[in-house]
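my questions concern the predicted model and sequence given below.
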2 protein chains.
Amino acid sequence: MDVNSSPLRVAVIGGGLVGALEAVLLARRGHHVDLYEYREDIRRCPNARGRSINLALSHRGRAALRAAALESTVLAQGVPMRGRMLHAPDGRRTPVPYDVLGKECIYSVNRKFLNEILLSAAETFPNVNLHFNHKLVAADFDSGELTFQAEGGARHVPAPQLLVGADGAHSRVRAAMLRRPGFDFRQSNIEHAYLELRIPPAPDGTSLLQPVNYLHIWPRGSFMLIALPNEDASWTVTLFAPSAQLGRLCAHPHEAPAFFRERGMADALLLLGEEQLRADFAASEPSLLLSVKCEPFNVGGKVVVIGDAAHAMVPFYGQGMNAGFEDCLILDGLLEKFPPEAALNEFSRTRVPDAHAICDLAMYNYVEMRDLVARPSYKLRRCLDSVLHRLAPGLWMPLYQGVTFSRRGYKWCMEHRRRQDKVLRGALTTAGVAAAAVLARWLWDNFEVQEMAPLKRLL
Amino acid sequence: MDVNSSPLRVAVIGGGLVGALEAVLLARRGHHVDLYEYREDIRRCPNARGRSINLALSHRGRAALRAAALESTVLAQGVPMRGRMLHAPDGRRTPVPYDVLGKECIYSVNRKFLNEILLSAAETFPNVNLHFNHKLVAADFDSGELTFQAEGGARHVPAPQLLVGADGAHSRVRAAMLRRPGFDFRQSNIEHAYLELRIPPAPDGTSLLQPVNYLHIWPRGSFMLIALPNEDASWTVTLFAPSAQLGRLCAHPHEAPAFFRERGMADALLLLGEEQLRADFAASEPSLLLSVKCEPFNVGGKVVVIGDAAHAMVPFYGQGMNAGFEDCLILDGLLEKFPPEAALNEFSRTRVPDAHAICDLAMYNYVEMRDLVARPSYKLRRCLDSVLHRLAPGLWMPLYQGVTFSRRGYKWCMEHRRRQDKVLRGALTTAGVAAAAVLARWLWDNFEVQEMAPLKRLL
């Protein structure tokens, strides 16, 4: 039963994935929602290329979609990915399943499709109003008044009872929070940038890259190439590399094919096409990667930020959207249980540590994906994790498993991994000491070394 | 000779200390300066209380004022402080000179007085225009257009050739930079807050707290009280303590005198006055402390942030204003040597690491001031530093000396200290090993322990 017996008047800023899902969840609880999006209605735009056009939907995101009764609709259009397919420089390929038990998978989903589904779902509610081409230019947290730049000039909107900022990494709502006392904020760019390429479908409509149900990775130490499958048998391919290196290739696109050949990505080059590759590098600019942390996520019971507005992260754990969707789910539960102020305070208190943890994990996973994944020590650890998880799935959960296929807090997942590392180090040390002792005893008993005689007498 | 042969049209945002000095230095080079300040002219305001009304002027700030031909005017109104006067809980006092050689001192200067001097100096130039009550609301870095909220509504100003953001810790210019690709930013609040109190002059116009030429400190581990002398024989007293503790005292002001007595600050309480103290706590709210780091400081050759807008820091090194003034001085030199874009790029390249270093040092110094300063290890180190600095002033510069009485980069000062720590640790280890060896040898020679016999034979 909802403790907020009377429905709230809520303004959601941002009609992207997280804002649209938030509108649906609020509407299902009977709240009155005005959703403001600064772009035009994406359902009326041609398919945009360039910015992470497909996303990896996993357990947390699915749970939130389920609460909005949209999970099956979305999954029907997603392409399952059962694991990573690692491409070695010599062309050899090694599959690495995501779920060590082989049961779970993640889904490659088209961003535009997902956004459309969510907006259309929001629109079915009589208590939701969608306002496109509305850019938030001022949010006065004292009076609560919002000012938008809309067609026909400035539009002032009287104070909603709750303002939800789901307006992305460059959030305007968060920008207004920046000036409040006690607000901590950090945005940082990483040295690496990315560029999007595409493998088209074969003329007969099948996929050129096989097998389809994998996320393909060419890990090359300082950089990497990845490919995610699309519903139409094309692949979205992304090259992540140091900004300077990527900038150089864009400035000299004719060198791009040689770069692919010399760095052991000849198999990818074949599918991307040399001519197309040169054209893509000539037409593109590298996109930068931003990581955002802030605290708290709320201003009393009036304002809250969710999704990228609260915790933009680098894309290497595939958790950006999933974490944003989970925000909606958690907030939904809290608003059901507590009055708004208590709900938002509790949201900040519990969610901030998890958000910081997944931002850090996403950063760490870049090193894992482009470098560690190809090392024997990684393979050994993965193997150990897999055996222990099979033996005691409740006790031993591999990090990736916890993040991707459970709803355990991200911080718990990170700390659980640290505890595992300690256990393994302890076991290794014990084993090493035991082996050394056995060896020493054997030497002692079997060799009569002259110089050891006095020592033997002494002991 | 100035490479920028034709003068620039410059807009300086912020008419505080740093913005006003920047306007003077630019004007002296012949540039056309419009200075925009969102408050009214401070020269027409009554003396404001509450926010760090006096500042510690030291070497770097003085160098910048000298370049503006204002040093002697300012020093004439400042109160020299030759060192820290530490107040122990039992009332005993220990002076700790700032300069181990006893030559240098810092000056307690009134913020309002200094701001007035600087604004009046700027106003004497025909090529400077001051605009008060102008709040920057939008800065379009592409067109360059600035929009201000002024009396009588919005005012649009066409693109200046150079935009200097000297608009403080909550800088609007920096806020516009936040949305540019590749801009790193961090703002963090510390757990501690502060509250300002005052010791009035004695009825005969002399100072109640003696000696006058010191910065008095009551270091108490988790919190501290400091007092800075004013020209009129009054003292500005600041209590720094954990926010929660300070908030509790403001909510229960009648407990404040007991707090002072029980925490060994009875001597300060006597001068502050019990009744006045209760009234001050009742009328005040704790102020929070913000630290800001960002990178880069410029957008091409068009925009640059300086002072708190670029690097707001906690006040514990007394370097906030000095670092801001030094920014002006460095920028002045670079703009003389290079065309604007090269000058601003060079400013970012060289100044960012120093700014980050002083922000970190300021944070560290809080621990030193409220806690370490009272410990024997600190006193020993200070004594060692002092001896070594006397012996080789060029080779061994104590950290505080470098930061406060030199123009060495802040980062150099920090790293120099780390090298010193290494040298001292090395010397200590060597001394320890040597002592142990001597002792061992003596034991060996003088005692015939039965159990050691086989070992002696063995060796």
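Here it is on my side, so go on. Residues are numbered from 1 along each chain as shown, chains lettered A, B, ... in the order given.

in three-state terms, label the residue of the stretch 51-200 of chain A at minimum distance from chain B for me.
Going by Cβ to the nearest Cβ, chain B is nearest to residue A:186 of the stretch 51-200 of chain A, at 4.3 Å. Heads up, the C-betas are built off the backbone N, CA and C, glycines and all. Secondary structure state of residue A:186, per DSSP: H, G, I helix; E, B strand; the rest coil, is strand.

count of neighbours near whichever residue of the stretch 201-350 of chain A sits closest to chain B?
At 4.8 Å from chain B, residue A:288 is the closest residue in the stretch 201-350 of chain A, using Cβ to the nearest Cβ. Counted with other Cβ atoms under 10 Å in any protein chain shown, the neighbours of residue A:288 add up to 15.

now stretch A:193-210: buried residues?
By 16 or more other Cβ atoms under 10 Å in any protein chain shown, the buried positions in stretch A:193-210 come out as A:193-199, A:207-209.

for it, measure first residue to last.
End-to-end span of stretch A:193-210 (Cα to Cα, to the nearest Å): 27 Å.

that one close to chain B?
No. Using Cβ under 8 Å from any Cβ of the partner chain, stretch A:193-210 stays clear of chain B, with a minimum separation of 9.3 Å.

from the chain's centre, how far out does that stretch sit?
22 Å (Cα atoms, centre = their mean, to the nearest Å).

and the stretch of helix or strand residue A:163 belongs to, does that touch chain B?
Using DSSP states H and E, residue A:163 maps to strand A:162-165. No. Residues of strand A:162-165 are not located near chain B by Cβ under 8 Å from any Cβ, the shortest gap being 15.0 Å.

name the helix or strand of chain A that has the lowest mean pLDDT.
Lowest mean confidence among the helices and strands of chain A (mean pLDDT, DSSP states H and E): helix A:453-458, at a mean of 64.

list the contacts of the strand holding residue A:163.
Applying Cβ atoms under 8 Å, 6 or more residues apart in numbering or on different chains, the contact partners of strand A:162-165 are A:8-14, A:19, A:22, A:26, A:31, A:139, A:144, A:146, A:171-174, A:177, A:301-306, A:309-310, A:340.

pLDDT weak spots in the stretch 201-350 of chain A?
In the prediction, the stretch 201-350 of chain A carries no residues with pLDDT under 70.

near chain B, which residues of it?
residue A:288.

strands of the stretch 201-350 of chain A, residue ranges please.
A:215-219, A:224-229, A:235-242, A:287-295, A:298-299, A:303-305 (DSSP state E, counting those that start in this stretch).

near chain B, which residues of the stretch 51-200 of chain A show up?
A:170, A:175, A:178-179, A:181-189.

let's go with 6 Å and repeat that
Residues of the stretch 51-200 of chain A lying close to chain B by Cβ under 6 Å from any Cβ of the partner chain are A:170, A:179, A:181-182, A:184-189.

share the number of residues neighbouring residue A:287, please.
Here the number of neighbours of residue A:287 (other Cβ under 10 Å) works out to 17.

quick check: bridge partners of it?
When assigned by DSSP bridges, residue A:287 has beta-bridge partners residue A:194.

distance check, it against residue A:189.
Distance, residue A:287 to residue A:189, by Cβ to Cβ, to the nearest Å: 11 Å.

mind telling me what element residue A:412 is part of?
helix A:410-446.

report all helices and strands that that helix contacts.
Here helix A:410-446 touches helix A:340-370, helix A:399-405, going by 3 or more Cβ pairs under 6 Å, 6 or more residues apart in numbering or on different chains; DSSP states H and E.

next one: the first one to chain centre, how far?
Looking back up the chat, that one is helix A:340-370. 11 Å.

now do the same contact list for the residue most central in space within chain A.
Among the residues of chain A, the one closest to the centroid is residue A:319, at 2.2 Å (Cα atoms, centre = their mean). The neighbours of residue A:319, taking Cβ atoms under 6 Å, 6 or more residues apart in numbering or on different chains as the test, are residue A:358.

picking that back up, let's see the strand holding residue A:163 as PDB, backbone CA atoms only.
The C-alpha trace of strand A:162-165 is given here as PDB (Å, rounded to 0.1, in the frame of the first residue of the first chain):
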ATOM      1  CA  LEU A 162       8.800  16.300  -7.000                       C
ATOM      2  CA  LEU A 163      11.500  17.100  -9.600                       C
ATOM      3  CA  VAL A 164      13.300  14.100 -11.000                       C
ATOM      4  CA  GLY A 165      16.500  14.900 -13.000                       C
END
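
neighbouring strands for that strand, and are they parallel or not?
Here strand A:162-165 has these sheet partners by DSSP bridges: strand A:9-13 (parallel), strand A:303-305 (parallel).

tell me the most buried of those strands?
Of all those, strand A:303-305 carries the top mean neighbour count, a mean of 28, counting by mean count of other Cβ atoms under 10 Å in any protein chain shown.

which residues touch it?
So strand A:303-305 is contacted by A:163-165, A:173-174, A:297-298, A:344 (Cβ under 6 Å, 6+ apart).

stretch A:96-106 too?
Outside stretch A:96-106, the residues that reach it (Cβ under 6 Å, 6+ apart) are A:56, A:58, A:80-84, A:386, A:389, A:405.

and the pLDDT at the residue nearest to residue A:118 when sequence neighbours are not counted?
Nearest-residue entry for residue A:118: residue A:20, 3.6 Å, with adjacent residues in sequence omitted and distances by Cβ to Cβ, 6 or more residues apart in numbering or on different chains. The per-residue pLDDT reported for residue A:20 equals 98.

packing partners for the helix or strand hosting residue A:20?
Residue A:20 is located in helix A:17-28, with elements delineated by DSSP H and E. Contacts defined by 3+ Cβ pairs under 6 Å, 6+ apart place helix A:17-28 against strand A:9-13, strand A:32-36, helix A:111-123, helix A:320-337.

okay, the angle between it and strand A:9-13?
In terms of direction (axes from the mean of the first three to the mean of the last three Cα atoms, to 10 degrees), helix A:17-28 departs from strand A:9-13 by 170 degrees.
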